[in-house]
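> structure of the sequence below:
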Amino acid sequence: MEDRELTGPRVRSSPIAGTWYPSQPDTLKRSIRELLEAVEPVDVEGELVALLSPHAGLRYSGAVAAAGYRLLERRRFETAVLVGPSHHVYFQGASVFDRGAFETPLGEMEVDEELAGAIREAGRSIRVFREAHDREHCLEMQLPFLQVLHPDMKIVPIIMGDQRRPNVEVVADAVGKALARANRPVLMIASSDLSHYKSSGVAARMDERVANLVERFAPDELMTLLEQNHEHACGGGPLVAVMRAARALGADSGRILRYGDSGDVSGDKSEVVGYLSAAFCRSGL
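Numbers count the residues shown, from 1 in each chain. Here you go, the predicted model:
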């Protein structure tokens, strides 16, 4: 899949529409609305700074993701900074998609070029590497929710090729500094699934360790856990980076919104993928 040139910046076309989620706009919009409406309305204390959201196919993780995105119905953000792991290309550092737009069946989501440039300048290992975004699904799976809820929102897509601690710290520091200087409403979204292809019982125990650290808002302890066993989360590095950046921006609490696994949909509990939705907030005290 290649970016196609329009007048001006490049637009990244979807490589997963029609497989990971519906390709027909009306069907996709209806699916997102149904997922959101099925979520019991909840609220979180304080100002929402960041979300953790899963990134499997809409059929499997959509209900868990919707628990987080339901919070955006009464909140407005100009831009979403999305951070996720590379599933197809290994590279050092992180890649920011710094201009143009991402296209889904619901239209194009424009990149916030000013903020993308500020993040790139603030992080020595953050660069523009378009191949990292070409086939990647983890950030795109968040976009239909954002487009249905806030069609005019801009995005800054960041893919991490290296999830080791030094790079996690660079991404966290760069995003935190750039957002602090932006002085406008920006939401961070960490895209990560949890354990993969374990029995539901094993997965639940592994995933509970991550969930506890998320709820305790303990990114450093979570990084240590991931260094001991990376199988706890496929996007653990992006999750820690977003948590650290959120803390730098004043967030002081984590709230678990929903947990589930792929077996809840497929019925096969022998090998599941774990999904978690969570919110990170600033109390303002």
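
> for Gln147, which non-adjacent residue is spatially closest?
The shortest distance from Gln147 to any non-neighbouring residue, by CB to CB, 6 or more residues apart in numbering, is to Leu106 (4.3 Å). Every residue, glycine included, has its C-beta placed from N, CA and C.

> ugh, wrong one, I meant Glu113
That would be Arg99: by CB to CB, 6+ apart, it lies 5.1 Å from Glu113.

> Pro15 and Phe102: what is the separation?
Counting by CB to CB, to the nearest Å, the gap from Pro15 to Phe102 is 11 Å.

> settle it for me: which of the two has more neighbours?
Phe102 (22 against 16; other CB atoms under 10 Å).

> if I've got this straight, that one is in a strand?
Yes - Phe102 sits within a strand when classified using DSSP: H, G, I helix; E, B strand; the rest coil.

> mind listing what's buried along stretch 204-216?
Neighbour counts over stretch 204-216 (16 or more other CB atoms under 10 Å) mark Ala204, Met206, Asp207, Arg209, Val210, Ala211, Leu213, Val214 as buried.

> ok, now which ones touch the fifth one?
The neighbours of Val210, taking CB atoms under 8 Å, 6 or more residues apart in numbering as the test, are Leu194, Leu222, Leu225, His232, Ala233, Gly236, Leu276.

> tell me the one of those residues nearest Val128?
Closest to Val128 out of the contacts of Val210 is Gly236 (24.1 Å), distances taken as CB to CB.

> surely that closest one meets Arg164?
No - assessed by CB atoms under 8 Å, Gly236 is found out of contact with Arg164, at 10.7 Å.

> just the terminal-to-terminal distance for stretch 161-170.
13 Å (CA to CA, to the nearest Å).

> now swap in stretch 159-167 and tell me
12 Å.

> what comes into contact with that stretch?
83-86, 89-95, 97, 125, 129, 132-133, 136, 138-139, 168, 171, 223, 226-227, 230, 235-238, 241.

> element containing Cys234?
In this assignment (DSSP states H and E), Cys234 forms part of neither any helix nor any strand.

> the one 4 residues further on too?
Per DSSP H and E: Pro238 is located in helix 236-248.

> give the next helix or strand downstream of that helix.
According to DSSP H and E, the helix or strand after helix 236-248 is strand 253-261.

> right, and the helix or strand after that following strand?
Assigned by DSSP H and E, the successor of strand 253-261 is helix 263-266.

> may I see the buried residues of that following helix?
So helix 263-266, judged by 16+ other CB under 10 Å, has buried residues Gly263, Asp264, Val265.

> in this structure the last one contacts Gly62, no?
No - using CB under 8 Å, Val265 is not in contact with Gly62; the gap is 9.2 Å.

> ok, and the closest non-adjacent residue to Pro185?
In space, Pro185 is closest to Phe77, 4.7 Å off (CB to CB, 6+ apart).

> hmm, back to that, neighbour count: Gly236 and Arg164, which is higher?
Gly236 (25 against 14).

> count the neighbours of the closest residue to the more buried one other than its chain neighbours for me.
Of all residues not flanking Gly236 in the chain, Leu226 sits nearest, at 4.1 Å (CB to CB, 6+ apart). Leu226: 22 surrounding residues under other CB under 10 Å.

> quick one: mean pLDDT for the longest helix along the chain?
For the chain, the longest helix by residue count, based on DSSP state H, is helix 165-182. If you average the pLDDT over helix 165-182, you get 97.

> buried set for it?
For helix 165-182, by 16+ other CB under 10 Å, it's 167-179, 182.

> and those as JSON lines, adding distance to Thr19?
Formatted as JSON lines, the buried residues of helix 165-182 follow (distance: CB to CB, whole Å):
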{"residue": "Asn167", "distance to Thr19": "30"}
{"residue": "Val168", "distance to Thr19": "30"}
{"residue": "Glu169", "distance to Thr19": "35"}
{"residue": "Val170", "distance to Thr19": "33"}
{"residue": "Val171", "distance to Thr19": "29"}
{"residue": "Ala172", "distance to Thr19": "32"}
{"residue": "Asp173", "distance to Thr19": "36"}
{"residue": "Ala174", "distance to Thr19": "33"}
{"residue": "Val175", "distance to Thr19": "30"}
{"residue": "Gly176", "distance to Thr19": "35"}
{"residue": "Lys177", "distance to Thr19": "37"}
{"residue": "Ala178", "distance to Thr19": "33"}
{"residue": "Leu179", "distance to Thr19": "33"}
{"residue": "Ala182", "distance to Thr19": "35"}
